[in-house]
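Student: compute the structure for the input listed below.
(one chain, ligands or ions: 1)
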Amino acid sequence: MKIIFATSNENKVKEVKEILPKHIAIVSLKEMGYTEDIEETGSTLEENSLLKAQTIFDKYKLPVLAEDTGLEVDALQGAPGVYSARYAGEHGNSEANMQLLLKNLEKEDNRKAQFRTVATFIAENSSSIYTGVVRGEIIKEKTGEKGFGYDPIFIPAGFDKTFAEMSSQEKSIVSHRAIAMQKFAQHFEN
Ligand code: ITT
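Tutor: Got it, this is the predicted structure:
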């Protein structure tokens, strides 16, 4: 069975293809030839995740998986959260987003934070939602070259390296995205 993964972020596509078992065939929006931007007008990760999945389901009437992810910092009352992609203004400018976050935490001792992924699956007769959370901390300087987004400044709890220092296989075992997608896969197999 073919499932469309409703994201325009190719890093997410790569990770999800690595996380899900091979027999769950994921097709990206790019592979579907879909190039429009889906405006994220929701005020929560749940709303945006549903919005992306519903938009693509309405268009293709095929099973769709979508996800919205946010970095939630304790000392900033959960910010940047749902605004993670455009924290510094321009959507998807990871460098500017990280610099602003580091600046806002400059004098902060409490560096605790979490990544949260909310995934939505919609098929003809069903709709379901899966959440994955990874706690950790924001370090003071970018470290590591791998991954994407805020990966160079986030160390997951129980590790001594950032997501950007992990191989894609390592990140795909412990990440927020992996937790949400494994829950989805389990539900899907049943
Ligand atoms: P889609 O909406 O098309 O799926 P997006 O990149 O806009 O792609 P989000 O709305 O979920 O994705 O935005 C979340 C932002 O948080 C994203 O721009 C990344 O910079 C960051 N992010 C998401 N997942 C991440 C991860 O695993 N590691 C580090 N940063 C991540």
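Student: secondary structure class for the residue of the chain found nearest the ligand?
Tutor: When scored by Cβ to the nearest ligand atom, the chain has residue 149 as its residue closest to the ligand, at 2.3 Å. From N, CA and C alone the C-beta is placed, and that goes for glycine too. Put simply, residue 149 is coil when judged by DSSP: H, G, I helix; E, B strand; the rest coil.
Student: the ligand contacts on this structure?
Tutor: Taking Cβ under 6 Å from any ligand atom as the contact definition, the chain meets the ligand at 7-9, 12, 40, 68-69, 84-85, 92, 94, 147-151, 163, 175, 177.
Student: pLDDT value on the residue of the chain closest to the ligand, please?
Tutor: Residue 149 carries a pLDDT value of 98.
Student: and the residue nearest the centre of the chain, what is it in contact with?
Tutor: Central residue of the chain (Cα atoms, centre = their mean): residue 69, 3.6 Å from the mean position. Counting by Cβ atoms under 8 Å, 6 or more residues apart in numbering, residue 69 touches 12, 45, 84, 115, 116, 117, 118, 176, 177.
Student: what pairs with it across the strands?
Tutor: On DSSP bridges, the residues paired with residue 69 through beta bridges are residue 117.
Student: by neighbours, which of the contacts of residue 69 wins?
Tutor: residue 176 (26 neighbours; other Cβ atoms under 10 Å).
Student: quick one: it and residue 136 touch, right?
Tutor: No - contact criterion Cβ atoms under 8 Å: residue 176 and residue 136 do not qualify, at 9.7 Å.
Student: what mean pLDDT does stretch 94-103 have?
Tutor: 98.
Student: ok now that stretch, how far from the chain's centre?
Tutor: 17 Å (Cα atoms, centre = their mean, to the nearest Å).
Student: what of stretch 175-185?
Tutor: Worked out by Cα atoms, centre = their mean, stretch 175-185 lies 10 Å from the chain centre.
Student: same check on stretch 41-51?
Tutor: Between the centre of stretch 41-51 and the centre of its chain there are 13 Å (Cα atoms, centre = their mean).
Student: list the contacts of it.
Tutor: Counting by Cβ under 8 Å, 6+ apart, residues outside stretch 41-51 touching it are 38, 40, 66-70, 81-82, 116-120, 129.
Student: now with 6 Å?
Tutor: Stretch 41-51 is contacted by residues 40, 66, 67, 68, 70, 82, 118, 120 when judged by Cβ atoms under 6 Å, 6 or more residues apart in numbering.
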